[in-house]
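> need coordinates for the following:
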Amino acid sequence: MSLSSQMVTNIFLLSRVVAYLMTASAGNFYQHIDVTWGGQRAKILDGGQLLTLSLDKFSGSGFQSKNQYLFGRVDMQLKLVPGNSAGTVTTYYLSSQGTAHDEIDFEFLGNSSGQPYTVHTNIYTQGKGNREQQFHLWFDPSIAFHQYSIIWNPRRIIFMVDNIPIRVFNNNEAIGVPYPKRQPMRLYSSLWNADDWATQGGRVKTDWTKAPFTATYRNFNANACVWPSTSCVSTKPLPVNGWMYQELDVNDRKKLKWVQKNYMIYNYCTDLRRFPQGVPRECKQ
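Numbers count the residues shown, from 1 in each chain. From the prediction side, this is the model:
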């Protein structure tokens with residue numbers, strides 16, 4: 001049985017659209033990233049396949065995505081500052097603009113040699129954060145590249161490390177908790193000095209004899225809705241935008257529980273000293 005010419009044409013066009021959506025925002029840093037500060041401390045190398053940010057005593061450095069996104073999955077592979085990185089912070093986050101901004105944060109707090117990095121996560125809605133969770137990693141993130149992902153859809157935000165979920169923030173607007181869903185965000189990243197708080201509450205300072213400190217990036221991919229277009233939003237899940245409907249299956253929930261049991265070192269939802277009148281509403285869900 002043969003397909004009609006119209007069916008063949010439709011299948012061909014659909015495959016072209018799917019292929020375009022899968023590749024349109026992937027890959028080359030020259031095409032998708034603008035260096036925003038730090039001058040020559042930020043370098044795009046290997047024809048756009050690699051990017052490095054450096055920090056010295058005079059300045060750090062940073063970049064942002066050319067596009068803004070309203071929902072999507074953003075992946076980046078990072079290799080963090082090796083050795084004694086105390087006092088340094090490497091950030092990787094989505095953010096809108098303005099005083100009532102939304103933000104979804106990965107921050108990597110440096111360490112003295114032999115001590116684990118702290119992965120600091122936070123979520124801002126309408127300018128308000130205070131939703132911190134912190135983790136140690138089950139590997140040394142300065143030896144090799146590892147993938148850090150933010151999945152952001154109308155129902156939930158999922159933080160992932162090497163495709164293992166470490167945190168989920170659900171949409172709880174039904175109980176009055178604001179959720180970021182109206183403001184488009186760019187991807188930002190920076191490497192900067194925060195030795196007044198980053199390592200052991202600021203007790204361990206940056207050792208500038210170890211400068212410059214360098215973090216390395218590769219394989220940026222934003223499988224996302226580019227603002228103001230919403231062409232990748234569909235009422236039915238496609239392989240390219242499965243993130244729009246993504247939730248945790250049984251195996252994902254087991255992995256999340258494993259991470260939070262063994263590697264979580266701070267959770268705002270259990271900090272009764274900080275919230276003596278009761279933890280935020282989303283913590284009770």
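
> can you give me the helices in the stretch 101-250 of the chain?
Counting by DSSP state H, counting those that start in this stretch, residue ranges of the helices within the stretch 101-250 of the chain are 250-262.

> low-scoring stretches of it, by residue?
In the predicted model, the stretch 101-250 of the chain carries pLDDT under 70 at residues 197-198, 202, 230-240.

> tell me the strands in it, going along the chain?
Secondary structure of the stretch 101-250 of the chain (DSSP state E, counting those that start in this stretch): strands at 103-109, 118-124, 133-136, 146-152, 156-161, 164-170, 186-193, 213-226.

> which residues does the nearest residue to His120 once chain neighbours are set aside bridge with?
Nearest residue to His120 in three dimensions, chain neighbours excluded: Glu107, at 4.1 Å (CB to CB, 6 or more residues apart in numbering). Glycine gets a C-beta too; all of them are placed from N, C-alpha and C. On the basis of DSSP bridges, Glu107 is bridged to Thr91, His120.

> so what's Glu107 up against?
Shown in contact with Glu107 (CB atoms under 8 Å, 6 or more residues apart in numbering): Val89, Thr90, Thr91, Tyr92, Tyr93, Val119, His120, Thr121, Asn122.

> quick one: buried ones out of these?
Val89, Thr90, Thr91, Tyr92, Tyr93, Val119, His120, Thr121, Asn122 (16 or more other CB atoms under 10 Å).

> hmm, the fourth one is touching Ser189, no?
So the one you mean is Tyr92. Yes. Look at Tyr92 against Ser189 with CB atoms under 8 Å: they come within range, at 4.9 Å.

> which residues do the two both contact?
Here Tyr92 and Ser189 have Met76 as joint contacts, going by CB under 8 Å, 6+ apart.

> tilt between the helix or strand encompassing Asp75 and strand 146-152?
Element membership of Asp75 [criterion: DSSP states H and E] is strand 69-79. Interaxial angle of strand 69-79 relative to strand 146-152 (axes from the mean of the first three to the mean of the last three CA atoms, to 10 degrees): 170 degrees.

> so which elements touch strand 69-79?
Secondary-structure packing of strand 69-79 (3 or more CB pairs under 8 Å, 6 or more residues apart in numbering; DSSP states H and E): strand 88-95, strand 146-152, strand 186-193, strand 213-226.

> now do the buried residues in stretch 243-260.
For stretch 243-260, burial by neighbour count (16+ other CB under 10 Å) applies to Trp243, Met244, Gln246, Asp252, Lys255, Leu256, Val259, Gln260.

> which pair in those spans the largest distance?
The span of those, defined through CB to CB, is set by Met244 and Gln260 at 25.1 Å.

> end to end on stretch 187-205, go ahead and measure it.
Using CA to CA, to the nearest Å, the end-to-end distance of stretch 187-205 comes to 28 Å.

> what does that stretch contact?
Residues outside stretch 187-205 that contact it (CB under 8 Å, 6+ apart): 37, 53-55, 60-65, 69, 74, 76, 81, 86-95, 109-112, 206, 213-215, 217, 220, 222.

> so what's the gap between that stretch and the chain middle?
Stretch 187-205 sits 18 Å away from the centroid of its parent chain (CA atoms, centre = their mean, to the nearest Å).

> show me which residues of that stretch are buried.
Under 16+ other CB under 10 Å, the buried positions of stretch 187-205 are Leu187, Tyr188, Ser189, Ser190, Leu191, Trp192, Asn193, Ala194, Asp195, Ala198, Thr199, Val204.

> so what's the first one closest to, chain neighbours aside?
Nearest in space to Leu187, with sequence neighbours left out and distances taken as CB to CB, 6+ apart, is Ser65 at 4.0 Å.
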